Structures are given as C-alpha cells and as structure tokens.
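Asks: need a 3D model of the following:
(4 chains)
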2 protein chains.
Amino acid sequence: MKMNLVYKALADPTRRDILNLLKNKNLTAGEIADHFRISKPSISHHLNLLKQADLVHSEKEGQYIYYSINTTVLQDVLAWLLSLQEGKEKTE
Amino acid sequence: MKMNLVYKALADPTRRDILNLLKNKNLTAGEIADHFRISKPSISHHLNLLKQADLVHSEKEGQYIYYSINTTVLQDVLAWLLSLQEGKEKTE
DNA sequence: TTATTATTTAGAAAATTATCTAATTATTTA
DNA sequence: TAAATAATTAGATAATTTTCTAAATAATAA
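Replies: Residues are numbered from 1 along each chain as shown, chains lettered A, B, ... in the order given. Have a look, this model is predicted:
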C-alpha cells in the first residue's frame, strides 16, 4: 500500500468531509455530490483519489454506485502518529 | 488552529521525514537539510510550513536555529481518525 | 426503442505547491 | 573590521492539484 496516497488523500478538506459523510452511512456518488457545491465530476475525481488510497470502496448497484469507508489503512497512519508522540518521552 | 494546515503539512513525504528525524532529537536547520538531497532553501520552506501548522517549534541559539517537534496538534488528527473507525461499528 | 437518470472520462484552465539559484540577514571567528 | 558560517527571503519555473464544461457510458423507465 502506498501510504503517500493516503496522506495526500487526507490533505483535502472536501475529501475529509466525504469520509465524515461515509462514517455512518454508505452513500451513492450522487448523494455525496449533493452535499457539496462543487460539480459532480469534481466529486467523482475526489472519490477516485480516495479509492486509490483505499480509503473507500465502491460497489455498483444498478445504475447507482455505492461508496463505503474503509478504515483499515488508517491503522498505519494512527500507528505513525502515535510513534511520533512516544518518541518525545525520552528527551522531555 | 487551522487543522487544514496540519493535514496539508503531513501530506508531503519530505515533511513527514523531517518529523521522523525530530522524533528523538532536536536538530538545527542545517542538520535537517543534510539528511536530504534537496536544497537548503527548500528545506527551510518545508520547515516553515511545519511551523505554520504548529507541528514544530524553532528556537534560535546563536547562529543556529534548533527545531523540535510539537505533537500536541496531532491529538486532533488522532481523535478524528478514531472517530472514523468508531462510526463503522454501528453498520457492520 | 427512445428518453431519462447516474456516473465517469476527457481535456483544459486556474490555483497551489515544490523546487531551484541568487541575494539578504544575523552571528561568530580571525 | 572583514571573512566565514547558518539560515532565511525573494523571485522564478516546473510540477501537481483542483475544478470546470462537454462528452461518453451504463442502467432504467416510458
């Protein structure tokens, strides 16, 4: 897994908002787009970046595409953040 | 605190490497720059972004400037990541 | 089959970011 | 004081990212 894609994906506020939306509920691309003022193609692009980072999964259902969050990759981010905090205990 | 600056700061691999370097040891700008192939002004720029995000602190000592990591802002990132994970427990 | 709806892909423009060299500022040493 | 060292600032360029409209694809409904 290319962790750089994960950090890059998390760097954009729109994408973080999308993850917040998917936190409790799986949504279609259209439902997601409805929450934002930017165009559907732009949202589609953000969803694609989230997918490349493996932060979301998509599943086609008829003419709809449902998106769901995948938090497994966040484990590595979490671990890294914790490691940064622990490191300081020695010198302080 | 503008959290967007934090996520943006963490999105660059060079800046993440800088944080890794500062994890155990405070270093001068020059010592940090020596770890990378990119120019000193570029490193200076990255340090500035990390500082704006409040992820590092700088202190002048004579002609040197010492940089140290500040992990307090990471609490919020950590909390958000955990909230994303928790949200899914309901639906799964 | 034709029209409508949902979504993505293509291609381009605008904005942001990363990087460089040259110049500047501040400090220390000879 | 003059030279050397540490670091930043300035200004430019290249690369990446965000966003848009228009067009394409796929599925459903009339």
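Asks: average pLDDT for the helix or strand containing A:L21, rounded please.
Replies: Using DSSP states H and E, A:L21 sits within helix A:13-22. What helix A:13-22 shows for mean pLDDT is 98.
Asks: A:I18: what's it in contact with?
Replies: By C-beta atoms under 8 Å, 6 or more residues apart in numbering or on different chains, the contact list for A:I18 reads A:I32, A:I43, A:H46, A:L47, A:L50, A:V56, A:Y67. C-beta coordinates here come from the backbone N, C-alpha and C atoms, glycine included.
Asks: 10 Å instead?
Replies: A:9, A:12, A:27, A:32-33, A:35-36, A:43, A:46-47, A:49-50, A:55-56, A:67, A:69 (C-beta atoms under 10 Å, 6 or more residues apart in numbering or on different chains).
Asks: narrow the residues you listed to those that are buried.
Replies: Neighbour counting by 16 or more other C-beta atoms under 10 Å in any protein chain shown classes A:9, A:12, A:27, A:32-33, A:43, A:46-47, A:49-50, A:55-56, A:67, A:69 among the contacts of A:I18 as buried.
Asks: what about the helix holding A:L21 and DNA strand D, touching?
Replies: Yes - using C-beta under 7 Å from any atom of the strand, helix A:13-22 reaches DNA strand D at A:T14.
Asks: any idea how far that helix is from the chain center?
Replies: Relative to its chain's centre, helix A:13-22 lies at 7 Å (C-alpha atoms, centre = their mean, to the nearest Å).
Asks: same question for stretch A:38-51.
Replies: Averaging C-alpha positions (C-alpha atoms, centre = their mean) puts stretch A:38-51 11 Å from its chain's average.
Asks: repeat that for stretch A:45-59.
Replies: 7 Å.
Asks: list the buried residues of stretch A:58-77.
Replies: Buried-residue list, stretch A:58-77, by 16+ other C-beta under 10 Å: A:I65, A:Y67, A:I69, A:N70, A:T71, A:V73, A:L74, A:V77.
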